[in-house]
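# The following block contains a protein sequence and its predicted model.
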Amino acid sequence: MAMLTASASPIARSPFCRPEEDPFLLLESALRSMEEILRRSRGLPLRRTWIEQPYGEEEITILEEEVIPAIQQCLSRVDELDERLLAQQELLQRCQLEADREALAELRLQMA
């Protein structure tokens, strides 16, 4: 899955929105954090801030087998949507460039 955060500097300087306004960057960050916490706490219960009973083996298995794959699938689908929108944007830009070239050529013909 292609992660948008692989090159964080262009995203950080995006003219479209700030990184904190992009919910999918937050989801990617949460996924990485969950994966890291699960790696570090291998075999240990996961404590939560809001409940006394920590996540045990059963809950951790659900996180690993259901929750994380669901987040990955969501992000993969978002990547597909982004790729489609980028392709449309590139096509529109090429069409605009071609229209500008044609207008310039027409202007040159009129001036000649």
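Structure's in. What do you need?
# For the biggest helix by length in the chain, name the packing helices and strands.
Counting by DSSP state H, the longest helix found in the chain is helix 68-111. Contacts defined by 3 or more CB pairs under 8 Å, 6 or more residues apart in numbering; DSSP states H and E place helix 68-111 against helix 23-40. Glycine gets a C-beta too; all of them are placed from N, C-alpha and C.
# what helices or strands is the helix it packs on leaning on?
helix 68-111.
# and the helix it packs on, average pLDDT?
Helix 68-111 shows a mean pLDDT of 94 in the predicted model.
# Return the distance of that helix from the chain's centre.
Put simply, helix 68-111 sits 18 Å off its chain's centre (CA atoms, centre = their mean, to the nearest Å).
# when you give positions from now on, start the count at 179
Done: numbering now begins at 179, and the last item shifts to helix 246-289.
# Just the angle for that helix relative to helix 201-218, thanks.
Counting by axes from the mean of the first three to the mean of the last three CA atoms, to 10 degrees, helix 246-289 lies at 150 degrees to helix 201-218.
# Assign residue 231 to helix, strand or coil.
Of the three states, residue 231 takes coil according to DSSP: H, G, I helix; E, B strand; the rest coil.
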